[in-house]
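**Q** Got a predicted structure here, sequence first:
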Amino acid sequence: MGGTALPTLAALRTIRVDRKAAFAAGSDVLRRIVVGGANHTVFPVVSKSEIIGLVEIEPLSPMTAEQERLIRGIIKIYRIHLGILEETDTDELTGVSNRKPFDEAFRRLTGLSVATSLAQHNPERRSLRSCVEAELAIVDIDFFKSINDRFGHPYGDEVLVLLAGIMRKSFRETDRIYRFGGEEFVLLLPGVGQDGAEVTLERFRHAVESFNFPQLAHVTVSIGVTSIRAGDTGSDAYGRADEALYTAKRGGRNQLCRYEALATDAADVPERREAQEIELF
């Protein structure tokens, strides 16, 4: 750098529409942006062809071409690491999240319930008790093994990809979709109560039932859902939704079942499921 004063990092700012438009037009670096009377140099941070942030630098002296290359190189390294993280957390076939990031997302979702959980054990704070306003659902494709056996695994993969596309259109951006393996998907639905979750899930189920899958008259899904409780672990909520899913399968498939509405004794469910799993799934 030859003793030239290094630029200082001014901020990683919210993307402004006018600057984003300039980058979308093809600019790699946008110079001479005046912020508070000072000239800033702005670099875009791009992930999968989408601008996700801007790095603004306020130089102590005019930036050299070498300094600009250095900063672009640092941003490139960041993008590479970001891409690796995205690939690690994404199901390669369907493009939705895989099982790996589920536990962390669940912990973040239930983190707001810590005070509630403590209040449950404090008689003076009983009024603070409540459940987490969120739902967990398991979606399982009916007779998926038969689809693979009849048409082959490549067609089964196509069904999974098409189903993932229907899910993206059926749920909000704030909802989280995970493929847990095979034909099973898990949904985290924050900020929604039981009624709202059931309306959305039923709408999705009907969308799948009415979708024109190639070579098949129709594909259906069974869904188990439960309300996430204060103090829940991911395994706790998943286990309840899985029991509801079992009941939906046993009841004829292509239906939604809520754990909280079950009247059966949960103690004997694992044995019954083990005995009939092949027929049901």
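**A** Done, it's in. Residues are numbered from 1 along each chain as shown.
**Q** so Ser222 sits in a strand?
**A** Yes. Judged by DSSP: H, G, I helix; E, B strand; the rest coil, Ser222 forms part of a strand.
**Q** count of neighbours near it?
**A** Counted by other Cβ atoms under 10 Å, the residues lying close to Ser222 total 26. Any C-beta I mention is one placed from the backbone N, CA and C, and that applies to glycine too.
**Q** for Thr226, same thing?
**A** Residues near Thr226, counting by other Cβ under 10 Å, number 27.
**Q** Extract the C-alpha set from the helix or strand containing it and format it as CSV.
**A** Here Thr226 sits within strand 221-227, counting by DSSP states H and E. Taking C-alpha atoms only, strand 221-227 is exported to CSV below (Å, rounded to 0.1, in the frame of the first residue of the first chain):
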residue,chain,number,x,y,z
VAL,A,221,-50.3,-35.9,1.2
SER,A,222,-51.1,-36.6,4.8
ILE,A,223,-50.3,-34.0,7.4
GLY,A,224,-49.7,-34.1,11.2
VAL,A,225,-49.6,-30.8,13.1
THR,A,226,-49.1,-29.6,16.6
SER,A,227,-48.8,-26.4,18.5
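**Q** for the residue lying closest to Thr88 once chain neighbours are set aside, helix, strand, or coil?
**A** Nearest-residue entry for Thr88: Lys100, 6.7 Å, with adjacent residues in sequence omitted and distances by Cβ to Cβ, 6 or more residues apart in numbering. Put simply, Lys100 is coil when judged by three-state DSSP.
**Q** Next, Lys100: phi, psi?
**A** phi -60, psi -50 (degrees, to the nearest 10).
**Q** Show the pLDDT at it.
**A** Note on Lys100: pLDDT of 84.
**Q** about what we covered before: counting contacts, what elements does the strand holding Thr226 pack onto?
**A** Judged by 3 or more Cβ pairs under 8 Å, 6 or more residues apart in numbering; DSSP states H and E, strand 221-227 is in contact with strand 134-141, helix 194-210, helix 234-250, strand 256-258.
**Q** Now do the helices in this structure.
**A** All helices of the chain, identified by DSSP state H, fall at 17-24, 65-88, 102-110, 114-119, 144-151, 153-170, 194-210, 234-250, 269-280.
**Q** buried sites along the third one?
**A** Within helix 102-110, the residues that qualify as buried are Phe102, Ala105, Phe106, Leu109, Thr110, counting by 16 or more other Cβ atoms under 10 Å.
**Q** how far off helix 234-250 does that helix point, in degrees?
**A** Orientation note: helix 102-110 sits at an angle of 100 degrees relative to helix 234-250 (axes from the mean of the first three to the mean of the last three Cα atoms, to 10 degrees).
**Q** Brilliant, that's me finished.
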